[in-house]
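>>> Could you work out the structure for the sequence below:
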Amino acid sequence: MHLRLTDEQKMVQKTIRRFVEKELIPLENEVLRNEREGKPSLSKEILKELQLKAKEVGFWGINTPEVYGGAELGQMMMAIVLMEVSKTFVPFSFGGSADNILYYGNEEQKNKYLVPTINGEKKSCFAMTEPGAGSDTRNIKMSAVKEGSDWVLNGEKTFITGGNEADFVMAIAITDKELHQSTQGREGVTCFIVDRDMGWKSEYIHTMGEWGPASLVFENVRVPEENILGELHKGYNLGLEWIGFARWVVGARAVGAAERLLQMAIDYSKERMTFGKPIAERQAIQWQIADSAVEIEAAKWLVLNAAFTLDNGEDNRHLASMAKLYGSNMGNRVVDRVLQIHGGMGYTRELPIERWYREARLWRIYDGTDEIQRMIIARNLIKGHVKIGQYV
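The predicted structure follows:
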């Protein structure tokens with residue numbers, strides 16, 4: 001049986017596709033020009049205008065609960081939307097949303113941080129990675145020491161997405177060193193909501209792509225007890241939930257970008273002539289196109305399965321790792337083939353392929369490297385946490 005999207009999902013897909021083609025893709029040349037000149041990709045005014053246009057057609061808070069004014073369309077719909085939006089590199093995201101772990105806040109925290117974030121009045125970021133600690137929380141060094149009714153944070157976080165623009169950060173810090181060591185990093189760490197005006201500082205980390213992560217420095221930053229998010233010493237679980245969502249999202253973005261890139265390659269192969277024939281008639285080109293198409297479809301269903309499983313209230317971390325591992329590597333292979341098909345023109349900055357090439361290389365690193373995903377997948381299978389064919 002051929003798996004098909006529901007009528008509602010098809011309608012959303014078509015609507016988003018029209019929005020991307022009409023509102024976002026026409027801005028690509030401006031984005032490329034601004035980035036070459038060292039300017040922001042797009043002004044805040046333009047991005048806000050785009051979000052309002054999207055809101056007019058019903059796309060505001062796609063996964064945000066209706067009680068907070070969102071559409072609450074579910075993870076499958078989120079995957080479909082991300083695949084469509086990722087067909088352009090214009091840095092756009094639909095408004096009306098907040099980090100999934102912010103919903104674990106108490107009512108006071110929700111009113112102070114969650115609601116303003118959903119409304120676009122505040123920006124957040126999540127900080128777990130440190131110079132010597134990525135996915136392995138056993139190496140976290142940032143400390144939080146209790147002094148009276150406050151916790152004093154010291155340490156550094158690195159490669160934090162949105163860290164330069166954030167008004168507050170959800171930072172993971174060690175609150176019980178012995179417990180942290182005895183549980184191999186699974187306990188003894190706590191998530192704190194830390195306002196920028198509490199004293200932490202940020203600076204850009206320059207990368208080979210357009211992603212501008214931040215380094216965050218905490219020097220005796222005092223955080224009140226009421227700013228603990230979730231439970232004391234249980235921040236590891238919140239970190240896992242945040243990362244679990246982020247991982248399959250990387251796969252969705254890779255699928256969207258790869259579909260756009262492959263279409264560019266197909267179109268170009270019909271126009272480019274060598275020895276009297278379009279290169280589309282050359283077997284070497286045909287095989288690259290065919291391999292890319294097959295891999296994109298495989299990655300797409302891994303992503304949709306991860307989203308579907310989450311919608312059904314099941315643990316999708318295993319599937320999320322598979323979607324990220326395969327999706328990110330697929331995206332790298334496809335963009336490399338597309339650049340090769342375009343030849344020298346693909347290597348120039350006249351086309352966006354080289355930009356996507358630089359961006360795609362990041363997909364295999366952030367939110368858990370290829371090596372971490374392979375370790376997780378193998379461990380789940382070897383220890384029997386997941387059975388072969390379990391998700392079919």
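>>> State the phi and psi torsions of the spatially closest residue to Gly239 that is not a sequence neighbour.
Among residues not flanking Gly239 along the chain, Met128 sits closest, at 5.1 Å (CB to CB, 6 or more residues apart in numbering). Glycine gets a C-beta too; all of them are placed from N, C-alpha and C. Met128 adopts backbone torsions of phi -120, psi -40, taken as degrees, to the nearest 10.
>>> How many residues are close by Met128?
Met128 has 25 neighbours, counted by other CB atoms under 10 Å.
>>> distance of it from Thr190?
To Thr190, Met128 is 12 Å away according to CB to CB, to the nearest Å.
>>> Report the set of residues contacting both of these two.
Contact criterion CB atoms under 8 Å, 6 or more residues apart in numbering; residues shared by Met128 and Thr190: Ile172.
>>> and the residue nearest to Gly239, what does it touch?
With CB under 8 Å, 6+ apart as the criterion, the residues that contact Met128 are 137, 140, 157, 171-172, 239, 242-243.
>>> Weed out the non-buried ones from those residues.
The neighbour count (16 or more other CB atoms under 10 Å) marks 137, 140, 157, 171-172, 239, 242-243 as buried among the contacts of Met128.
>>> Serialize those residues to JSON lines and add fields for pLDDT.
Formatted as JSON lines, the buried ones among the contacts of Met128 follow (pLDDT from 0 to 100):
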{"residue": "Thr137", "pLDDT": "71"}
{"residue": "Ile140", "pLDDT": "90"}
{"residue": "Lys157", "pLDDT": "96"}
{"residue": "Ala171", "pLDDT": "96"}
{"residue": "Ile172", "pLDDT": "95"}
{"residue": "Gly239", "pLDDT": "85"}
{"residue": "Trp242", "pLDDT": "80"}
{"residue": "Ile243", "pLDDT": "79"}
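>>> Which members of those residues are positioned in helices?
Judged by DSSP state H, helices contain the following of these: 239, 242-243.
>>> Can I get those residues in TSV including distance to Val294?
Shown next, in TSV, are these (distance: CB to CB, whole Å):
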residue	distance to Val294
Gly239	35
Trp242	32
Ile243	29
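>>> Let me know the closest of the residues you listed to Gly95.
Trp242 (19.7 Å; CB to CB).
>>> Hmm, Tyr103 and that closest one touching each other?
No - assessed by CB atoms under 8 Å, Trp242 is found out of contact with Tyr103, at 11.3 Å.
>>> Spell out the residue ranges of the helices in the chain.
So, for the chain - with DSSP H - the helices run 7-19, 28-36, 44-56, 75-85, 107-109, 115-118, 177-182, 235-271, 283-311, 317-342, 344-347, 353-363, 370-382.
>>> Using CSV, lay out the ones you listed together with distance to Asp195.
What follows is the helices of the chain, written out as CSV (distance: least, CB to CB, whole Å):
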stretch, distance to Asp195
helix 7-19, 34
helix 28-36, 30
helix 44-56, 21
helix 75-85, 28
helix 107-109, 12
helix 115-118, 12
helix 177-182, 25
helix 235-271, 18
helix 283-311, 31
helix 317-342, 30
helix 344-347, 45
helix 353-363, 29
helix 370-382, 31
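>>> out of these, which comes closest to Glu210?
Minimum separation from Glu210 across the helices of the chain (CB to CB) falls at helix 28-36, 5.8 Å.
>>> Please compute how far the closest one lies from its chain's middle.
Centre-to-centre, helix 28-36 and its host chain are 22 Å apart (CA atoms, centre = their mean, to the nearest Å).
>>> Tell me the buried residues in that helix?
31-32, 35.
>>> Now do the residue nearest to Glu271 when sequence neighbours are not counted against Glu72, distance only.
Spatial nearest neighbour of Glu271, chain neighbours left out: Pro278 (6.8 Å); criterion: CB to CB, 6+ apart. Counting by CB to CB, the gap from Pro278 to Glu72 is 48 Å.
>>> try Asp150
37 Å.
>>> With Gln288 instead?
In terms of CB to CB, Gln288 sits 41 Å off from Glu72.
>>> Then Ala79?
For Ala79, the distance to Glu72 (CB to CB) stands at 15 Å.
>>> higher neighbour count, the two?
Taking neighbours as other CB under 10 Å, Ala79 and Glu72 compare with Ala79 leading, 27 against 14.
>>> Below-threshold pLDDT in the protein: ranges please.
Scanning the chain for pLDDT under 70 picks out the ranges 1-3, 135-136, 391-392.
>>> tell me the domain ranges of it?
Here the domain parsing of the chain from automatic domain parsing is 7-97, 122-233, 243-382.
>>> Please name whichever of those domains is nearest to Glu107.
Proximity to Glu107 (CB to CB) singles out domain 122-233 among these, at 11.5 Å.
>>> mind checking the end-to-end distance for the closest one?
Domain 122-233 has an end-to-end distance of 26 Å (criterion: CA to CA, to the nearest Å).
>>> Please give the centre-to-centre distance between it and its chain.
Domain 122-233 sits 19 Å away from the centroid of its parent chain (CA atoms, centre = their mean).
>>> Ala166: neighbour count?
24.
>>> Was I right to think it contacts Ser124?
Yes - assessed by CB under 8 Å, Ala166 is found in contact with Ser124 at 5.7 Å.
>>> Next one: the closest residue in space to Glu30 that isn't next to it in sequence from Leu32, what distance?
In space, and not counting its chain neighbours, Glu30 is closest to Leu42: 7.2 Å by CB to CB, 6+ apart. Between Leu42 and Leu32 the computed distance is 11 Å (CB to CB).
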